[in-house]
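Asker: model this:
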Amino acid sequence: MNRYLYDGTTDGLLSAIAWILEEKPHPETVVLTEHKNTLFEEGFSLSADAARAEQLFERLRKHAPEAFRTLCSFLLAEKEGMATSLLHYIALAFIHGDKVNGYLTHPAVRDIVNVSKKAAREIHRMKGLLRFEQLRDGAYLAKMEPDHNIIHPLAWHFSRRLRAENWFIYDVRRRIAACWSNGTLRFGTIEQFTAPALSEEEKKVQALWQTFFKTIAIPDRKNPRLQKSNMPMKYWKYLTEKQGE
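Answerer: So this is what the prediction gives:
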């Protein structure tokens, strides 16, 4: 049987891929899918193994660093139904190294690379679009609703850029938060979120920023289509300069 099932977790997915690459001589013929617990589901179930998943991560990182970065970005996308494509992509990466990303005529490579690029682009975009607001206690809060689960790379980025401040990044859609306090970065889940009050200074700064944003605009050069391309409307909800539009 060439159909295998994993438990739906990242460790389960990666350890299943590691097992298949070790035990199956022709991984390109294998189908890997998430276990749905249906009555007539066919396939051999593979148990999650965190140690085996970590070993696969390290092997790929050393053998093909660029493919490893592609894998990391792909996992942030939380894309379902692509386990088989990821298996085939990683198998090819161990054969061809970093050249694998150039084999875009292969459907598995094309799919994995395209999804990975979307997640990576959103990380880059959110580094510029994330807005931190000062709260009454002096800490800063930034809210977002990204398409991909990118809070970890964003938090590590701002832990280097905003080392002297205490701040939070809150992913409203997934209800997870990153907290930077006294030089320590932590992640956690927030079951219920109540927006804290802004400081008076923050209210003044936001009013000044909105005035500045409107003042520098040149009506004759207004290009809504270009603006939405560079700053998609789905991000406007948490942009200070776009409030009230």
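
Asker: SS state for Ala178?
Answerer: Three-state call for Ala178 (DSSP: H, G, I helix; E, B strand; the rest coil): strand.

Asker: What distance do you get for it to His157?
Answerer: 10 Å (C-beta to C-beta, to the nearest Å). Using the backbone N, CA and C atoms, a C-beta is placed for each residue, glycine as well.

Asker: Who has more neighbours out of those two?
Answerer: More crowded of Ala178 and His157, by other C-beta atoms under 10 Å: Ala178, with 21 against 16.

Asker: what's the spacing between the more buried one and Thr33?
Answerer: Distance from Ala178 to Thr33, by C-beta to C-beta: 32 Å.

Asker: do the same with Gln210
Answerer: Computed as C-beta to C-beta, the Gln210 to Thr33 distance reads 49 Å.

Asker: So for the two, which residue has more residues nearby?
Answerer: Comparing Gln210 with Thr33 by other C-beta under 10 Å, the one with more neighbours is Thr33, at 19 against 16.

Asker: And whatever helix or strand that one lives in, what does it pack against?
Answerer: Per DSSP states H and E, Thr33 falls inside strand 31-34. Secondary-structure packing of strand 31-34 (3 or more C-beta pairs under 8 Å, 6 or more residues apart in numbering; DSSP states H and E): strand 3-6, helix 10-23, helix 83-96.

Asker: May I see the buried residues of that strand?
Answerer: Buried residues in strand 31-34, counted by 16 or more other C-beta atoms under 10 Å: 32-34.

Asker: Just the residues contacting it, thanks.
Answerer: Contact with strand 31-34 is made by 2-8, 13, 16-17, 20, 43, 80-81, 83-84, 86-87, as judged by C-beta atoms under 8 Å, 6 or more residues apart in numbering.

Asker: give me that answer again for 7 Å
Answerer: Contacts to strand 31-34, defined as C-beta atoms under 7 Å, 6 or more residues apart in numbering, come from residues 2-6, 8, 16, 20, 43, 83-84, 87.

Asker: Let me know the closest of those to Ile123.
Answerer: Ile123 has its nearest neighbour among the contacts of strand 31-34 in Ala83, at 22.8 Å by C-beta to C-beta.
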